[in-house]
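Trainee: Just a sequence and a predicted model for now, questions to come.
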Amino acid sequence: MKIYHICEYCDLVFNTTEVEGQEGAVELKGICDECSSELGFSEHSFSPKNFWYN
């Protein structure tokens, strides 16, 4: 089975994965690196943060 990773913003295929087993294809939504950087997402923005207020 082939998995096509499609960007939610630009609708382009940014990755493909092949999985053993059944035949066919499936699409999986995500965000490509280019759109992610344009939107200001980074690895740090997804990490949990603790805020302490006094």
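Mentor: Yep, it's here.
Trainee: For the rest of this, base every contact and every neighbour count on C-alpha atoms.
Mentor: Fine.
Trainee: where does Gly21 land in three-state SS?
Mentor: Recorded secondary structure, Gly21: coil (DSSP: H, G, I helix; E, B strand; the rest coil).
Trainee: and it, what is it in contact with?
Mentor: Met1 (CA atoms under 8 Å, 6 or more residues apart in numbering).
Trainee: Let me know the average pLDDT across the helix or strand hosting Glu34.
Mentor: Per DSSP states H and E: Glu34 is located in helix 33-38. The pLDDT scores in helix 33-38 average 90.
Trainee: now stretch 5-18
Mentor: Averaged across stretch 5-18, pLDDT comes to 94.
Trainee: on that earlier part again, what residues of the helix holding Glu34 count as buried?
Mentor: Within helix 33-38, no residue is scored as buried using 16 or more other CA atoms under 10 Å.
Trainee: Give me the helices and strands touching that helix, please.
Mentor: Judged by 3 or more CA pairs under 8 Å, 6 or more residues apart in numbering; DSSP states H and E, helix 33-38 has no packing partners among the helices and strands.
Trainee: With just CA atoms, put stretch 6-20 into PDB.
Mentor: Extracted in PDB, the C-alpha atoms of stretch 6-20 (Å, rounded to 0.1, in the frame of the first residue of the first chain):
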ATOM      1  CA  ILE A   6      -0.500  15.700   1.300                       C
ATOM      2  CA  CYS A   7      -0.100  19.300   2.600                       C
ATOM      3  CA  GLU A   8      -3.300  20.800   4.000                       C
ATOM      4  CA  TYR A   9      -2.300  24.200   2.800                       C
ATOM      5  CA  CYS A  10      -0.700  23.900  -0.600                       C
ATOM      6  CA  ASP A  11      -2.300  20.500  -1.500                       C
ATOM      7  CA  LEU A  12       1.100  19.100  -2.800                       C
ATOM      8  CA  VAL A  13       2.400  15.600  -2.100                       C
ATOM      9  CA  PHE A  14       5.400  16.100   0.200                       C
ATOM     10  CA  ASN A  15       6.200  12.500   1.100                       C
ATOM     11  CA  THR A  16       5.300   9.000   0.000                       C
ATOM     12  CA  THR A  17       5.600   5.800   2.100                       C
ATOM     13  CA  GLU A  18       5.200   2.200   1.000                       C
ATOM     14  CA  VAL A  19       3.800  -0.300   3.400                       C
ATOM     15  CA  GLU A  20       3.900  -4.100   2.900                       C
END
